[in-house]
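Q: Following is a predicted model, sequence given first.
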Amino acid sequence: MGRRGRGVAGLSLAASAGLLGTYVGYPGLRKAHAATPCEVQNTNDAGAGSLRQCLTDIDAAGGGTITFADSANGTITLASNLPEVELESMSSVTVTGNGEDNTIIDGDGPSESAAGFFFTGSGTVTLTGLTIRNTSPLGNGRENSNGEDVLNGGAVFSSAGGVNVDNSTFEGNVANLAGAIYATGGNVSVTDSSFTSNTALDFGGAILINNGAVSVGDSTFENNTAGDDGGAIFTYGANDAVEVSSSTFTGNTATDGDGGAIKSRQSSVTVARSTFASNEASNNGGAIDGYSSGSVVNSTFTGNSSGNDGGAIYLYANNAPLELSFVTVTQNTTGTNGKGAVQAGKLNGASVENSIVYGNTGDDVYVVNDGTLSVSHSLFSSSSSVYPTVSGASLIFGEDPLLGSLADNGGPTQTMLPAADSPVIGTANPVGAPSTDQRGFSRTTDGLADMGAVQVGGVAPEPDLSQVPPSWLQAQGREESEAVCPPGMAPSWAQWPNEGTGGWTCEYTTWWDVNEGVGGGWVTTPGFR
C-alpha cells in the first residue's frame, strides 16, 4: 500500500515548510534552496562531483548543505560505505535531492551491502527528496572515528542529534538496530515519506530513537520487520514520545517481541487520523505497545494480531490512561490466552468514547487488575466482550456496524465506511467532537455525529488553491526571468509535472541566515498565481 495522493487532481502537494522554506510538493519538482557549499553533479560512486566527495567536503567544514544538479538525476550505486560526517557543535547538514524518483542512493544489497549516511558530532540532519534503498552496515566493516563497529541504521545513522526527513523513500535497508534510521540524543521528524521492507535484526524495523521523540505525518510504513520489538518504530529513553498523524502502518511485524508497528518503551503514544492494518506482534500489541499514556482519535485499527495481549493496542503503565475517541477497532486477533483487542494495564484504566470496537477475536476491551473503564456512545460486540462490565443507554451491544472493507473513501488514509443503514450513524455524542473525521471530512451531519473514525455524510474540505502549482499556461505566461513580479516576489523557474517541463513564475523570496560558518542565501516559497 503506497502513500496516497493528496491535494488537487491527485498530486502530492504541500505548503512550503521548515527553515529553508523549500517547496516540498510533487516529487519531480525542482526545489528552491539556499546557496550551498557542495552540489552533486553526477551519479558516480566517487571522485569529483560525486555524493561521496560532497560528504567528505562537508565533513571537513563541520556542516553545510548538499544539493543535486539535474545531471546527477538517477541511481548512485555505492561500492562501499558512505563516509562519516562529523558535525561541529550546533551545526547542521542538509541534503536536498531532486525527488524520490530522481535522486536514488542504492547500497547494492541485499548481501554485502554498503551502508548509507553516517553522521556524528552534535547538530541536526535534514534529508529531503531522496530514495535510499538496499543499504546495510552489517558485514562491511563500518567503524566510527574511534575504531568502533557501527552496526545500526542501515540508511541513516545519526549520533549528532535531531533528524528531519521529508518527501523521501526508504526501502529494503537492513541493520542490527533500525533498518532505515537510527538516531540518538535528538528528535526525529518524518513527513510525506515511505518506509517499505526495512529490517532490523533486533529493535526498530524502520526507525529507532534513543532518548528522543518521533513525529510522523502523512507517511506510510509497510512490511517492515524487527527481530524483537517495534516492527516499524521503536523508541526508548525518558523523552521517547511518539506522535502519529495522517499516516498508514500496514503489514509490519515484531517477530519476537511487542508492538507490531510501534513500541514506545517509556513515554506516551498519540495517534490521530491514521490507519493500522495487518500488523503483527508475537507478544503484546499487534499494532501499538506503549508504556505510558495513550491517546487515539479519528483512527482505524483492523486485521492486527498479537500472540498474547492487545490484538490492536496494548498499554501497560501506572496511572496513565488510554483514551480512544471516534476510533474504529475491528477484526483484530488476540492470542489464545490473551485479553482484549484494546488492553490497558495496571492502575491506569481506559476510556472509550464515540467508537466502534466490534468483531475482534478475543475481548474487545480489557482493563487488567480491576482498573477503571469509562465508556460512552460506543458499539461493542457484546456486553461480555468488555471488562470491567459496562452499561448505559448510549451503548450498543451486538449489532453489526455494517462496515465496508478498508478502502479509499477520500482523505490521506484508507478507512472503513459504514453502510447507509448502519446503527452507528447519528448515535455518537456531537458535543466536543473533533471538527473533522479521519479523512478530514466534516464530523457532524445535520448536527449529528457517527460513531467510529468515519462520518458517513461528512463533507470533503475545499482544496487549498494556494498550494496548487500554476497551470501550464500560467507558468508559460512569464516568458523571461526578468518578468515583472508583484512586490516581495521574484521570478523563479518552475518545473511542473503536467507537461513535463516548466516556465517562469513569481515566488516570495527570503534571505536565510544559516549557522555561523555555513553562510546564507536566497530561498523561495510558492506564492499565489
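A: Looks like it arrived, so ask away.

Q: Report the buried residues of the longest helix along the chain.
A: Longest helix in the chain, counting residues (DSSP state H): helix 51-61. Buried residues in helix 51-61, counting neighbours by 16 or more other Cβ atoms under 10 Å, are found at 51-56, 58-59, 61. To be clear about C-beta, it is placed using only N, CA and C from the backbone, and glycine gets the same treatment.

Q: got the contact list for residue 457?
A: Shown in contact with residue 457 (Cβ atoms under 8 Å, 6 or more residues apart in numbering): 425, 445-446, 450.

Q: any idea which of the residues you listed has the most stuff around it?
A: Neighbour counts for those (other Cβ atoms under 10 Å) peak at residue 450, which has 27 neighbours.

Q: Hmm, that residue is touching residue 427, no?
A: Yes. Using Cβ atoms under 8 Å, residue 450 is in contact with residue 427, at 7.2 Å.

Q: would TSV of the contacts of residue 457 with secondary structure, distance to residue 316 and pLDDT be doable?
A: Below are the contacts of residue 457 laid out as TSV (DSSP: H, G, I helix; E, B strand; the rest coil; distance: Cβ to Cβ, whole Å; pLDDT from 0 to 100):
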residue	secondary structure	distance to residue 316	pLDDT
425	coil	35	98
445	strand	38	92
446	coil	41	93
450	coil	31	98
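
Q: How about residues contacting the longest helix of the chain?
A: Residues contacting helix 51-61 (Cβ under 8 Å, 6+ apart): 37-40, 45-47, 64, 66, 72, 76, 82-86, 93, 105, 117, 517-518.

Q: Narrow the residues you listed to just the buried residues.
A: 38, 40, 45, 64, 66, 72, 76, 82, 84-86, 93, 105, 117, 518.

Q: Just give me the closest of these to residue 334.
A: The closest of the buried ones among the contacts of helix 51-61 to residue 334 turns out to be residue 117 (Cβ to Cβ; 39.6 Å).

Q: What's the separation between the closest one and residue 324?
A: Note on residue 117: its distance to residue 324, by Cβ to Cβ, to the nearest Å, is 38 Å.

Q: now residue 304
A: For residue 304, the distance to residue 324 equals 14 Å [Cβ to Cβ].

Q: Over to residue 446?
A: Distance from residue 446 to residue 324, counting by Cβ to Cβ: 25 Å.

Q: For residue 361, give me its contacts.
A: 311, 332-334, 341.

Q: repeat that for 7 Å
A: Listed by Cβ atoms under 7 Å, 6 or more residues apart in numbering, the contact set of residue 361 reads 311, 333-334.

Q: Tell me, please, where in the protein the pLDDT is lower than the cut-off.
A: Across the chain, the ranges flagged by pLDDT under 70 are 1-36, 317-320, 346-348, 464-529.

Q: So for residue 304 and residue 324, which residue has more residues nearby?
A: A direct count of neighbours by other Cβ under 10 Å for residue 304 and residue 324 places residue 304 higher, at 31 against 27.

Q: In this structure the more buried one contacts residue 289, no?
A: No. Judged on Cβ atoms under 7 Å, residue 304 makes no contact with residue 289 at a distance of 11.2 Å.

Q: helix, strand or coil for residue 170?
A: Residue 170 carries the three-state label strand when classified by DSSP: H, G, I helix; E, B strand; the rest coil.

Q: from what I can see it touches residue 130, true?
A: No. Assessed by Cβ under 7 Å, residue 170 is found out of contact with residue 130, at 8.8 Å.

Q: ok, these two, which is more surrounded?
A: Of the pair residue 170 and residue 130, residue 170 is the one with more neighbours under other Cβ under 10 Å, namely 31 against 28.

Q: The nearest residue in space to that one that is not next to it in sequence: neighbour count?
A: Closest residue to residue 170 apart from its sequence neighbours, by Cβ to Cβ, 6 or more residues apart in numbering: residue 180 at 4.0 Å. Residue 180 has 36 neighbouring residues, counting by other Cβ under 10 Å.

Q: Residue 139 too?
A: 10.

Q: does residue 64 really touch residue 87, like I thought?
A: No. Using Cβ under 7 Å, residue 64 makes no contact with residue 87, being 9.5 Å away.

Q: anything in contact with each of these two?
A: Joint contacts of residue 64 and residue 87 (Cβ under 7 Å, 6+ apart) are residue 93.

Q: Among the contacts of helix 51-61, which lie within strands?
A: Secondary structure of the contacts of helix 51-61 is defined by DSSP state E; positions in strands are 38-40, 64, 66, 76, 84-86, 93, 105, 117.

Q: Can you add distance to residue 368 and give those back as a markdown table?
A: Output for the ones in strands among the contacts of helix 51-61, formatted as a markdown table (distance: Cβ to Cβ, whole Å):
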| residue | distance to residue 368 |
| --- | --- |
| 38 | 56 |
| 39 | 58 |
| 40 | 55 |
| 64 | 52 |
| 66 | 51 |
| 76 | 51 |
| 84 | 47 |
| 85 | 47 |
| 86 | 48 |
| 93 | 46 |
| 105 | 46 |
| 117 | 43 |
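
Q: and which of the residues you listed is nearest to residue 150?
A: residue 84 (8.8 Å).

Q: Kindly state the beta-bridge partners for that closest one.
A: Assessed by DSSP bridges, residue 84 has beta-bridge partners residue 118.

Q: from the contacts of residue 361, which single one is nearest residue 221?
A: residue 311 (18.7 Å).

Q: Was I right to think that closest one contacts residue 335?
A: No. Using Cβ under 7 Å as the test, residue 311 is too far from residue 335 to be in contact (8.0 Å).

Q: And the two? Which one has more around it.
A: Ranked by neighbour count (other Cβ under 10 Å), residue 311 and residue 335 place residue 311 first, with 36 against 20.

Q: which ones are touching that one?
A: By Cβ under 7 Å, 6+ apart, the contact set of residue 311 is 286, 304-305, 332-334, 341, 360-362.

Q: Provide a ChimeraX selection command restricted to the buried entries of those residues.
A: Applying 16+ other Cβ under 10 Å to the contacts of residue 311, the buried members can be selected in ChimeraX as follows:
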select :286,304,305,332,333,334,341,360,362
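
Q: quick one, phi psi at residue 143?
A: Note on residue 143: backbone dihedrals following degrees, to the nearest 10 are phi -130, psi 150.

Q: Enumerate every residue touching it.
A: So residue 143 contacts 149-150 (Cβ under 7 Å, 6+ apart).

Q: what pairs with it across the strands?
A: Per DSSP bridges, the residues bridged to residue 143 are residue 149.

Q: Go ahead and confirm residue 222 touches residue 250.
A: Yes. Counting by Cβ under 7 Å, residue 222 sits close enough to residue 250 to count as a contact (5.2 Å).
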